[in-house]
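Asks: attaching a predicted model along with its sequence, questions to come.
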Amino acid sequence: MSGSRPEAPPEPLPGGSPLSVRVERSVEESGRIFLNMGPSHPSTHGVLRIVLELDGEAVVRAEPDIGYLHRGMEKIAETYGFTKFIPYTDRMDYLAPVANNIAVCTAAEVLMGIELPPRAKAIRVVCAELGRISSHLLGLGAFAMDIGALTVFLYAFREREAIYNFMESLTGARFTVSYPRVGGLSRDMPDGWADAVLRFAKDIPARVEKDVERLLTRNRIWIQRLEGVGVIPREVAISYGLTGPNLRGSGVEWDLRKEMPYFGYEDYEFDVPVGSRGDAYDRYLCRIEEIKQSARIIRQALEKMPGGPISVQDGKTFLPPKEKVMTRMEELIHQFMIVTEGPKAPVGEIFWAHENPKGELGFYIVGDGTARPYRLRMRAPSFVNLSILPWLLPNHMISDVVAILASLDFVMGECDR
Amino acid sequence: MAETQPPTVQKVLAAFPGAGIAAREFRGQWWLEVPRERVLEVLRRLRDDPELAFDFLNDVTCTDHPEEEPRFRAVYILTSLSRKERIRVKTSCPEDDPVVPSATPLWAGANWHEREAYDMFGVRFEGHPDLRRILMPEDFDAFPLRKEFPMEGERSDRDWARWVIDRARRPEGTLP
């Protein structure tokens, strides 16, 4: 249902008492229905709670309640420093852990003024795009499952299994990979890895077409459930700060890989899909196309993979080679300093954002001359993408709430940090 | 080492003469330090001036500097989608009056960022329609990202048990 949309979300409820009580009071006055959706609800993809005020089956007011997965990651980063923080970023957007690792390492490198060697950049591009494919596949699979089409989820997981296997042979871990380091990568590609990934990248567009698109794109039920549902106009998307496929679905051509290129993305040929109406169906189409474009980038990156080192040759930033540590004094000291403290950040501050699968993962880091950030702020795309719910959900039916949530493709580990 | 100011920074400085705005740079990224009375004005100018067109709000957050006066700094991070440029607006507020202006009149997306900054630092955003905690429990009684808040938390396990019991005994629908 796509009724007329109010100009602004309903007035906030008077404060001073817990959220559920406030909504209950509001419902008592109006005679409407109070529904607590989540935090454990299959469509909330984790622990999102939405307190809904319903008029029959239509949503009048929606109050998201987040924070159930809050682990204080920003405090952890301040306490442990950059290197020890990398494994924590695996637990943010855990559908594409390697993308978060790359984002935090690159942000630290921007603060430290480090320029990576070309091979490290190219491998990071491959990993980030594999992460994007993995995240979008799960996003689409879960999306379809929430609407009631279970099959796509199973097919999507078969493809994701291949990505997990690649990650396992590259990093030793399937899921929480902690692969890059500040100033480089923890290890180079194993023999045969590039060929296997290349084969995968060549196959995946056809497989997505066969297993996802043929089942969904022109499926009458799928279209009826999504078309005109959760329409986000362009101006609203910008005002709420949406990023990623949710912003592009609303027709804004904004992809950091194109607009503010890093890792040499300007040298790759790829297209940025944008929607025209900003509804849930457009967001679905954007994700499908992004999978294909990511595969295209991976093919180019692997076909012209440069040689050379995978890390900066600077003992104060990156672990020196082991054989030198064992034989030379200076490298031994560097090894000791990197292991006990880590690379030092200068006094200064930067903001750097990475085009993560879910949107812009931004880092605002203040350095104070030590190996620990004085302040590390993470601008999580899922957090921002969910902030539109109080505006977006009213005037939709309950079943549309499920479709809208799935179309926003959020992950609570990242939202709550 | 002073880099030359980009045209956008020069334009803002020229638009607000005598307002006490300072422009600083690190790694080629620029930010404006603005007195808190003028922040909303500067943000509005940055958004609405067609030559500046910083139409996208990336983030609003705070930093805590307990050794310095004023103690808290607020940061508004903006992007211009048309000109592909970023800029930050920074302001500060003292501990005994931790209030900075809210960007919610200009960007709806500032709402949750400012709630989180309030939740973590206790800095209040003047003009925010619904400033309350967002990530921490609604009845939490500290600001965890302040520097004096210990990493392991302020309560022992025993105190936590006490706190949970007290919370359960509290009359329904009230906060302490």
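Replies: Great, that's in hand. Residues are numbered from 1 along each chain as shown, chains lettered A, B, ... in the order given.
Asks: can you map out the strands along chain A?
Replies: Along chain A, the segments classed as strands by DSSP state E run A:33-37, A:49-55, A:58-65, A:180-181, A:184-185, A:347-356, A:359-368, A:373-379.
Asks: rebuild these as JSON lines, extending it with mean pLDDT, mean neighbour count and distance to A:Phe85.
Replies: The way it works is simple: take the backbone N, C-alpha and C, and place the C-beta from them, glycine included. Listed next are those as JSON lines, based on pLDDT from 0 to 100; neighbours: other Cβ atoms under 10 Å in any protein chain shown; distance: least, Cβ to Cβ, whole Å:
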{"stretch": "strand A:33-37", "mean pLDDT": "82", "mean neighbour count": "16", "distance to A:Phe85": "33"}
{"stretch": "strand A:49-55", "mean pLDDT": "85", "mean neighbour count": "20", "distance to A:Phe85": "28"}
{"stretch": "strand A:58-65", "mean pLDDT": "86", "mean neighbour count": "21", "distance to A:Phe85": "27"}
{"stretch": "strand A:180-181", "mean pLDDT": "90", "mean neighbour count": "26", "distance to A:Phe85": "11"}
{"stretch": "strand A:184-185", "mean pLDDT": "88", "mean neighbour count": "26", "distance to A:Phe85": "16"}
{"stretch": "strand A:347-356", "mean pLDDT": "92", "mean neighbour count": "23", "distance to A:Phe85": "15"}
{"stretch": "strand A:359-368", "mean pLDDT": "92", "mean neighbour count": "24", "distance to A:Phe85": "11"}
{"stretch": "strand A:373-379", "mean pLDDT": "92", "mean neighbour count": "24", "distance to A:Phe85": "7"}
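Asks: what is the helix ranked longest in chain A packed up against?
Replies: Counting by DSSP state H, the longest helix found in chain A is helix A:118-147. Applying 3 or more Cβ pairs under 8 Å, 6 or more residues apart in numbering or on different chains; DSSP states H and E, we find helix A:118-147 packed against helix A:97-112, helix A:151-171, strand A:184-185, helix A:193-208, helix A:214-216, helix A:220-226, helix A:280-303, helix A:398-408.
Asks: what pLDDT does the model give B:Thr174?
Replies: We note a pLDDT of 61 for B:Thr174 in this prediction.
Asks: which stretches of chain A aren't confidently modelled?
Replies: In the prediction, chain A carries residues with pLDDT under 70 at positions A:1-18, A:20-21.
Asks: give the contact list for the spatially most central residue of it.
Replies: Geometric centre of chain A, nearest residue: A:Lys358, 3.5 Å, by Cα atoms, centre = their mean. Applying Cβ atoms under 8 Å, 6 or more residues apart in numbering or on different chains to A:Lys358 gives the contacts A:Asp93, A:Ser135, A:Thr243, A:Gly244, A:Pro381, A:Ser382, A:Asn385, A:Asp409, A:Phe410, A:Val411, A:Glu414.
Asks: and which of the residues you listed is nearest chain B?
Replies: Among the contacts of A:Lys358, A:Thr243 lies closest to chain B (Cβ to the nearest Cβ), at 8.6 Å.
Asks: tell me the residues of the stretch 251-400 of chain A that contact chain B?
Replies: Residues of the stretch 251-400 of chain A lying close to chain B (Cβ under 8 Å from any Cβ of the partner chain) are A:252, A:254, A:259-260, A:348-351, A:353, A:360, A:362, A:364, A:366, A:374-375, A:377, A:379, A:383-384, A:386-388, A:391.
Asks: how about chain B: which residue is closest to chain A?
Replies: Counting by Cβ to the nearest Cβ, chain B gets nearest chain A through B:Gly109, at 3.3 Å.
Asks: circling back to that earlier point, got a markdown table for the helices and strands packed on helix A:118-147, with distance to A:Ser43 too?
Replies: Below are the helices and strands packed on helix A:118-147 laid out as a markdown table (distance: least, Cβ to Cβ, whole Å):
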| stretch | distance to A:Ser43 |
| --- | --- |
| helix A:97-112 | 23 |
| helix A:151-171 | 13 |
| strand A:184-185 | 37 |
| helix A:193-208 | 23 |
| helix A:214-216 | 17 |
| helix A:220-226 | 13 |
| helix A:280-303 | 13 |
| helix A:398-408 | 4 |
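Asks: so which of those comes closest to A:Val339?
Replies: Nearest of the helices and strands packed on helix A:118-147 to A:Val339, taken as Cβ to Cβ: strand A:184-185 at 15.3 Å.
Asks: distance check, A:Tyr94 against B:Trp160.
Replies: For A:Tyr94, the distance to B:Trp160 equals 27 Å [Cβ to Cβ, to the nearest Å].
Asks: so these two - more neighbours on which side?
Replies: Applying other Cβ atoms under 10 Å in any protein chain shown to A:Tyr94 and B:Trp160 shows that A:Tyr94 carries more neighbours, namely 18 against 12.
Asks: what sits against the residue lying closest to the more buried one once chain neighbours are set aside?
Replies: Of all residues not flanking A:Tyr94 in the chain, A:Gly413 sits nearest, at 5.1 Å (Cβ to Cβ, 6 or more residues apart in numbering or on different chains). A:Gly413 is in contact with A:Gly46, A:Leu69, A:Arg91, A:Met92, A:Asp93, A:Tyr94, counting by Cβ under 8 Å, 6+ apart.
Asks: much appreciated, bye for now.
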